[in-house]
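1. I need the structure of the sequence given here:
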Amino acid sequence: MNLFADIRGAVVDALGRMAGEGTLPAGLDLSNVAVEPPRDAAHGDMATNAAMVLAKPAGLQPRAIADALARHLMADPRIAGAEVAGPGFLNLRLDPALWQGLVRVALTEGTDFGRSAIGGGEKVNIEFVSANPTGPMHVGHVRGAVVGDALSNLLAFAGWNVTREYYVNDGGAQVDVLARSAYERYREANGLEPEIREGLYPGDYLIPVGEALKEKYGTSLIDQPESVWLADIREFATDAMMQMIREDLDALGVRMDVYSSEKALYGTGEIEAAIAELREKGLIYEGVLEPPKGKQLEDWEPREQTLFRSTAHGDDVDRPVMKSDGGWTYFAPDIAYHYNKVKRGFDQLIDIFGADHGGYVKRMKAAVAALSGGRVPLDIKLIQLVKLFKNGEPFKMSKRAGTFVTLRDVVEEAGADVTRFIMLTRKNDIALDFDFAKVLEQSKDNPVFYVQYANARVNSVLRRAREAGIAVDDTTLMAADHSGLSHTAEIALLKKIAEWPRLVEIAARNNEPHRIAFYLYELASEFHGLWNRGNDEQELRFVQEKTADSQAKIALARATGVVISAGLAILGVTPVEEMR
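-> Reported below is the predicted structural model:
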């Protein structure tokens with residue numbers, strides 16, 4: 001039940017009647033008509049911009065439309081008041097029974113309350129993490145993993161058919177560096193001094209790989225030329241790193257549906273097929289690019305290259321797909337990989353990249369637009385950096401990776417649930433400070449504690465009620481008379497619950513899972529506010545002397561818990577039933 005959508009439906013019906021009676025022209029586009037919470041709660045329960053967005057196409061003054069719309073809406077028994085404000089906004093007050101009725105709906109639907117069908121079953125591919133298989137994941141990957149997984153949960157909850165995908169970058173020079181680094185650890189396992197020269201990966205995480213190589217090959221590869229062992233050790237080490245990455249993701253509660261290999265694109269004709277498709281569309285040509293901005297002409301060597309005409313699809317400059325030596329650029333396999341996703345029949349693609357990939361956004365969108373004929377939209381989310389602190393000071397942790405803090409370090413220090421929630425307390429394109437002391441403290445300033453504490457309080461209400469002999473099963477709570485939930489603090493909590501289905505749809509349409517975390521904090525704040533008022537006002541306490549009064553109030557607490565549990569499930573966080 002989306003109460004905002006229901007009232008918007010009433011507004012649209014009223015506008016239709018106004019067109020039928022000649023107050024409005026027929027055939028107006030109503031797609032931008034919205035019903036939303038007012039900016040100031042004192043102005044009403046909901047507000048609509050209908051008069052403002054229709055005034056110009058209708059050739060009428062906004063207030064004239066708003067006045068007529070108010071008269072029509074007052075005929076709806078759900079509308080208790082309609083008041084024109086400012087230039088033509090219409091503030092609405094609803095019959096309190098609508099808010100009170102949400103309790104029964106939430107308890108009936110359980111954690112499916114707020115679930116939406118706006119995705120229409122469309123297939124969406126979300127590619128995220130995609131860390132190079134050269135070592136354990138670092139703290140920067142944590143945020144991308146959490147955002148991608150929460151977005152996947154959100155879109156599934158809103159009706160999309162979601163595939164989580166990891167692109168294994170196992171086709172580039174970095175896996176050769178991995179093989180050489182692992183070979184030195186293999187020599188070390190055989191009692192020799194490893195030569196971890198500059199450019200190799202120095203982390204201790206490769207020591208077990210070296211030992212495993214010794215177990216498999218003994219001493220047979222010692223002092224052999226690179227041509228003998230490189231391919232085998234590259235595959236062995238890459239498999240070991242991917243197993244480590246899978247375990248890291250599992251520790252964070254992230255599970256992928258598909259792992260796609262970059263290496264599998266080479267020698268299979270997939271890259272050639274993608275470039276041929278672009279060539280057939282007239283988008284591949286031989287040409288010379290202009291020198292990059294800011295580069296001195298004497299430092300620029302113009303040369304003919306094979307280029308993708310990405311400017312035809314919104315890019316700033318055309319992009320090379322083949323190097324002067326005839327090999328593919330890094331961009332070429334990425335084009336082929338996205339072409340593969342298009343051919344798999346996805347209706348929408350989402351990529352979650354690190355902030356250092358900002359320059360890749362336009363070219364990748366251009367490639368997908370060209371290869372799909374504009375049919376498949378690509379949304380790219382850039383993940384900004386995470387800075388680690390403890391008590392406000394930069395925090396250095398054990399770095400078994402050699403050069404960076406690992407995902408596992410963070411999860412072991414803070415816990416998966418806390419880590420996931422905090423990673424979603426900022427929009428993805430805003431840098432995030434992660435202070436280990438603050439994320440574990442029990443205060444209102446810690447959003448994960450504040451939300452979990454609300455859920456724990458809901459469960460404490462249920463426990464205390466049972467101890468008092470009050471039935472609190474959902475069937476009984478649904479049957480209670482909720483009309484007594486009329487205090488302003490109770491109505492405020494009900495209004496916040498009513499926003500949940502609307503918030504889900506907004507967050508899903510914009511691919512913004514952080515909105516769920518923000519909403520849960522606001523919901524918890526309303527619940528704690530009501531709880532605290534109950535400390536001073538007996539009639540607001542959830543457990544009352546009269547069972548009938550108690551069950552209605554307990555039902556409100558239980559409905560709050562239902563929404564918190566649904567929201568935490570989207571974030572991938574387990575609700576806490578009792579705080580310690």
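
2. only C-alpha atoms for contact and neighbour calcs from this point on.
-> Noted.

3. Note down every partner strand of the lowest-mean-pLDDT helix or strand in the chain and its orientation.
-> Within the chain, no helix or strand scores below strand 393-394, which has a mean of 86 by mean pLDDT, DSSP states H and E. If you go by DSSP bridges, strand 393-394 pairs up with strand 386-390 (antiparallel).

4. Would you enumerate the residues in contact with residue 564?
-> 451, 455, 520, 523, 575 (Cα atoms under 8 Å, 6 or more residues apart in numbering).

5. Any figure for the gap between residue 348 and residue 336?
-> 17 Å (Cα to Cα, to the nearest Å).

6. Name the residue in these two with the higher neighbour count.
-> Each of residue 348 and residue 336 had its neighbours counted (other Cα atoms under 10 Å), and the higher figure belongs to residue 336 (24 against 19).

7. Name the residues that touch the helix or strand hosting that one?
-> Secondary structure from DSSP states H and E places residue 336 in helix 331-343. Contacting residues not belonging to helix 331-343 are listed as 125, 262, 265-266, 270-271, 273-275, 320-322, 364, 367-368, 371-372, 376 [Cα under 8 Å, 6+ apart].

8. List buried residues within the residues you listed.
-> 125, 262, 265, 270-271, 274-275, 320-322, 364, 367-368, 371, 376 (16 or more other Cα atoms under 10 Å).

9. just checking, which of those residues belong to strands?
-> 125, 320, 321, 322 (DSSP state E).

10. So the closest residue in space to the last one that isn't next to it in sequence versus residue 334, what's the distance?
-> If I follow you right, that is residue 322. In this structure, residue 322 finds its nearest non-sequential neighbour in residue 328, 4.4 Å apart by Cα to Cα, 6 or more residues apart in numbering. Relative to residue 334, residue 328 is positioned 10 Å away (Cα to Cα).

11. Show me which of the two is the more surrounded one.
-> Using other Cα under 10 Å, the more surrounded residue of residue 328 and residue 334 is residue 334, with 20 against 17.

12. Tell me how far that one lies from residue 372.
-> 15 Å.

13. before we move on, what about residue 25?
-> Using Cα to Cα, one gets 39 Å for the distance from residue 25 to residue 372.

14. Just to check, residue 63 is in contact with residue 84?
-> Yes. At 7.2 Å, residue 63 counts as touching residue 84 under the criterion of Cα atoms under 8 Å.

15. which ones among the contacts of helix 331-343 are found in helices?
-> Judged by DSSP state H, helices contain the following of these: 270, 271, 273, 274, 275, 364, 367, 368, 371.

16. quick one: which of these is nearest to residue 115?
-> For the ones in helices among the contacts of helix 331-343, the minimum distance to residue 115 (Cα to Cα) is 30.2 Å, reached by residue 368.

17. wouldn't that closest one be in contact with residue 378 here?
-> Yes. Between residue 368 and residue 378 there is a contact under Cα under 8 Å: 6.9 Å.

18. For residue 504, list the residues it contacts.
-> Residue 504 touches 114, 115, 116, 154, 158, 516, counting by Cα under 8 Å, 6+ apart.

19. ok, 10 Å please
-> Residue 504 is in contact with 114-116, 154-155, 157-158, 512-513, 515-516, 519, 567, 570, counting by Cα atoms under 10 Å, 6 or more residues apart in numbering.

20. from those residues, which would you call buried?
-> By neighbour count, with 16+ other Cα under 10 Å, the contacts of residue 504 hold 114-116, 154-155, 157-158, 512-513, 515-516, 519, 567, 570 as buried.

21. Is it possible to get a markdown table of the residues you listed that adds distance to residue 383 and secondary structure?
-> Formatted as a markdown table, the buried ones among the contacts of residue 504 follow (distance: Cα to Cα, whole Å; DSSP: H, G, I helix; E, B strand; the rest coil):
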| residue | distance to residue 383 | secondary structure |
| --- | --- | --- |
| 114 | 27 | coil |
| 115 | 27 | coil |
| 116 | 27 | coil |
| 154 | 18 | helix |
| 155 | 19 | helix |
| 157 | 23 | helix |
| 158 | 23 | coil |
| 512 | 12 | coil |
| 513 | 13 | coil |
| 515 | 16 | helix |
| 516 | 17 | helix |
| 519 | 21 | helix |
| 567 | 22 | helix |
| 570 | 19 | helix |
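
22. got TSV for the residues you listed, with distance to residue 75 and pLDDT too?
-> As requested, the buried ones among the contacts of residue 504 are exported to TSV (distance: Cα to Cα, whole Å; pLDDT from 0 to 100):
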residue	distance to residue 75	pLDDT
114	28	97
115	30	97
116	29	97
154	37	98
155	37	98
157	35	98
158	33	98
512	37	98
513	38	98
515	35	98
516	35	98
519	33	98
567	36	98
570	39	98
